[in-house]
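>>> Quick check, what structure comes out for this input:
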Amino acid sequence: MSVDRVPLRALLVEDNPDDAALVLHVLRRGGFDVEHLRVETADELRDAIAKDSWDIVIADYTLPAFTGPQAFVIARKERRNLPFILVSGAVGEETVVEAMRQGIDDYLMKENLKRLPGAVERAIQASHERRQRSQAEQAVRRRDAILLAVGLAAKRLLAAEDWRDEIVEVLAQLGRSADVGRAYLYSIRSNGRTLATQQAEWVSPGVRPRTGSEEFKAFDMEGMGFSTWVDDLAQGRPIHGSVRDFSPQVCSFLESWDVTSIAVMPIMVEDELWGTIGFDLCEADREWSMVEIEALGIAADTMGAAIKREEAKAHLRRQFEHLNALRRIDRAIANSLDLQLSLDVVLDQVTGQLGVEAASVLLLNPQTERFEFTGSRGTFDARFRAAHVRPGEGHAGRAVLERRPVEVADLRAEASEGSRESLMPRALVSYYALPLVAKNEVKGVLETFSGPGAVHTEEWRDFAATLAGQAAIAIDNAQMMADLTKSNADLRRAYETTLEGWSRALDLRDNDTQGHTARVAALTVVLGREMGMSPEEIVHLRRGALLHDIGKMGIPDAILLKPGPLSSDEWEVMRRHPVYAHELLSPIAYLRPAMDVPQSHHERWDGSGYPLGLKGAEIPLAARVFAVVDVWDALTSDRPYRSRVREDRAREIIREGSGKDFDPRVVEAFLRLDLSRGVESVRLADAI
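Below is the predicted model:
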């Protein structure tokens, strides 16, 4: 072929070989390098157009089997815009006009074939222009259809609670409007590698779906040769074109996925690449016009807006859940002194809010200076639980020593034989450890474990640090409260021991009543419980019983220890011991709630008692309870000046005093008591 000749593939519809040769001769003289095929029947014409690509059809008007105009109809039906020139002998003007009206590009008479080369050029140019106009019109129609679909999609996405609920239908609307075989949505994440995962897909009838295929889960874009795509998409630039426009490696992948032409639009959220929305032609090739790409870009922007809106809602939900999690931990810290219970609440929130599969807490043992496994969520090997950690030892020890989080993407790559790391759960390879620091002291370590490929965002790390801070506060609070509780218990025991010592000293001073105080205190506690007094009231009741005669410290020995009967003046002094009790105990805030018994145990139900002459319910309940027990013990105990009475007689005396000396309700409760084993069986410490 000469370099200055124009290649031309011509399909000749001609039954006369000589006429066909003449046409070819004229074309070659006109500068064309002609490759041709001659057909004579309609079937041959259809077959030739179906099997090969032609630049032009040149047909004789009259053929034995059919006519040139009929050949034109067949040619345009088989291939739209195929250039067509009709050649004929002498015909009428009306025939020429009718042929041109049908859309034939040109009509030449055989005696004027010198016009043929120019007519061919004009016909091919006209066909090219028609094709361009048609493609532009189709692109505009597709653009309008895409924009309409985008509008409908936007309504769906904005009305949906979750865009994922509507995504397949949205892809279907966009795919049909773009006249493609497949429309799909990918999410993209970067964790050292750019991994793309198909989230949703729509396919037209006859197109092979890809939903559920492992090939399209965590697809390694750089590793598979799509590095330039990653760069363009990250910059917000679309990818589009015929398969043959891409590199051989990419082309190979696309062809294996039945793609002939593709358009991939980046979905940007907060100026970051979230993912892509893609459109595949799976049969005929097609060039993508700019108006179509712009419309598909609007679709991607709409999707990005929906995702941004959903992620904003999700972010608010996470913030709300995070606040609730912190409130639960705060309540656990405030309402419980149990360290293990507080740790359980913290670990529940760690696994739930951080989305990790397992978590553990190591606490410092002050005696061994090692950190020991104290609480967990998930399944851990017994040897892992038993392993203790020194500061600086392993990942947890490094978090302690450096006082900062330690993150390991894959524990399998760093676990040496026999190390604590080698005992960690094999399936949970992603590790994150945070030191638990309170009051500038490392209390322990919080560890989290996840499966392969776990992504820790800044938001995730920030909340993990917050939870670690709450855990440290919970640990410090529980330890502080434990120390305080122990100190309070020690102090309380010291108080009780002191009170018991005072009571024994009073008994020793009064030889007639040795052992009396311990007995009445024990029995008073029993009767107080029978009366339904609260545990706190019982504590003060017992203390009051122990100190009921504390006022006798103000009574002179000559009166208190007088072997015979007291004179009226001496009784007047003796009756002042409740007043002395008040004067002695009222300055002591700790003992004020116990003062009812020492001050009022000699008051009587009918008002005949002393020192204030209180009557009925005016007398504190504690004093009413003790009064019955005090008389019972006096009646059933031996004294130097008389022998004790039988218990049945003592009960009768108590019953006779009901409503006069004693509160009838208290008497009724006392008489219900089983004292067959004696009051010695009651432990005084029960009331503490």
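>>> Okay, the residue nearest to Y61 when sequence neighbours are not counted and P117: tell me how far apart.
For Y61, ignoring the flanking residues on the chain, the nearest one in space by C-beta to C-beta, 6 or more residues apart in numbering is S88 at 3.2 Å. To be clear about C-beta, it is placed using only N, CA and C from the backbone, and glycine gets the same treatment. Using C-beta to C-beta, to the nearest Å, one gets 18 Å for the distance from S88 to P117.
>>> What about W571, how many residues nearby?
Neighbour count of W571, defined by other C-beta atoms under 10 Å: 13.
>>> How about the one 4 residues further on?
Burial measure for R575: 14 neighbouring residues, criterion other C-beta under 10 Å.
>>> Against H456, how distant is Q367?
35 Å.
>>> Compare neighbour counts for these two and give me the winner.
Per other C-beta under 10 Å, whichever of Q367 and H456 has more neighbours is H456, with 18 against 6.
>>> and the more buried one, what pLDDT?
Note on H456: pLDDT of 81.
>>> dump the residue contacts of it.
Contact analysis of H456 by C-beta atoms under 8 Å, 6 or more residues apart in numbering lists E407, Y432, A464.
>>> Now render these as CSV, adding neighbour count and secondary structure.
Output for the contacts of H456, formatted as CSV (neighbours: other C-beta atoms under 10 Å; DSSP: H, G, I helix; E, B strand; the rest coil):
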residue, neighbour count, secondary structure
E407, 15, strand
Y432, 24, strand
A464, 21, helix
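>>> Closest one to A581 out of these, please.
Comparing the contacts of H456 against A581 with C-beta to C-beta places A464 closest, at 60.4 Å.
>>> Against L446, how distant is that closest one?
Note on A464: its distance to L446, by C-beta to C-beta, is 8 Å.
>>> which neighbours do these two share?
What both A464 and L446 touch, as defined by C-beta under 8 Å, 6+ apart, is the set V350, L434.
>>> I'd guessed D4 sits against F32; true?
No. Judged on C-beta atoms under 8 Å, D4 makes no contact with F32 at a distance of 11.0 Å.
>>> Between the two, which is the more surrounded one?
F32 (22 against 7).
>>> Now do the same contact list for the residue lying closest to the more buried one once chain neighbours are set aside.
Nearest residue to F32, sequence neighbours excluded (C-beta to C-beta, 6+ apart): L8, at 4.2 Å. Shown in contact with L8 (C-beta under 8 Å, 6+ apart): L27, F32, D33, V34, E35, D55, I56, V120.
>>> Give me the secondary structure label for L8.
Recorded secondary structure, L8: strand (DSSP: H, G, I helix; E, B strand; the rest coil).
>>> Which stretches in the stretch 351-500 of the chain count as strands?
Using DSSP state E, counting those that start in this stretch, the strands of the stretch 351-500 of the chain run over 358-365, 370-377, 406-408, 430-438, 441-450.
>>> Put the alpha carbons of the longest one into PDB.
Extracted as PDB, the C-alpha positions of strand 441-450 are listed here (Å, rounded to 0.1, in the frame of the first residue of the first chain):
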ATOM      1  CA  GLU A 441       1.200   5.900  89.600                       C
ATOM      2  CA  VAL A 442       0.900   3.000  87.100                       C
ATOM      3  CA  LYS A 443      -1.900   0.800  88.600                       C
ATOM      4  CA  GLY A 444      -2.000  -1.700  85.800                       C
ATOM      5  CA  VAL A 445      -2.400  -2.300  82.100                       C
ATOM      6  CA  LEU A 446      -5.500  -2.600  79.900                       C
ATOM      7  CA  GLU A 447      -5.000  -4.900  76.900                       C
ATOM      8  CA  THR A 448      -7.300  -5.300  73.900                       C
ATOM      9  CA  PHE A 449      -7.200  -8.100  71.200                       C
ATOM     10  CA  SER A 450      -8.700  -8.200  67.700                       C
END
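>>> shaky segments in the stretch 201-350 of the chain?
Residue ranges of the stretch 201-350 of the chain with pLDDT under 70: 311-337.
>>> what do you get if the cut-off is 80, keeping everything else the same?
284-286, 289, 291-292, 295, 299, 303-340, 342 (pLDDT under 80).
>>> Next one: T448, what pLDDT does it get?
89.
>>> cool, E402 as well?
Value for E402, per-residue pLDDT: 91.
>>> ok, it to P391 distance?
9 Å.
>>> same deal with R420?
Taking C-beta to C-beta, one finds R420 at 14 Å from P391.
>>> Nearest spatial neighbour of V291, chain-adjacent residues omitted?
Once flanking residues are discounted, V291 sits nearest to R143: 4.4 Å by C-beta to C-beta, 6+ apart.
>>> in the host helix or strand of L22, what's buried?
When elements are assigned from DSSP states H and E, L22 belongs to helix 17-29. Buried residues in helix 17-29, defined by neighbour count with 16 or more other C-beta atoms under 10 Å: D19, A20, L22, V23, L24, V26, L27.
>>> And for stretch 65-75?
Neighbour-count burial for stretch 65-75 [16+ other C-beta under 10 Å]: F66, T67, G68, P69, A71, F72, I74, A75.
>>> Of all pairs in those residues, which one is the farthest apart?
Of all pairs in the buried residues of stretch 65-75, the most separated under C-beta to C-beta is T67 and A75 at 12.7 Å.
>>> Tell me where the stretch 151-300 of the chain has helices.
167-178, 227-234, 248-256, 290-335 (DSSP state H, counting those that start in this stretch).
>>> So for E402 and P391, which sits in the more crowded spot?
In this view E402 and P391 are compared by other C-beta under 10 Å, and P391 has more residues nearby, 16 against 12.
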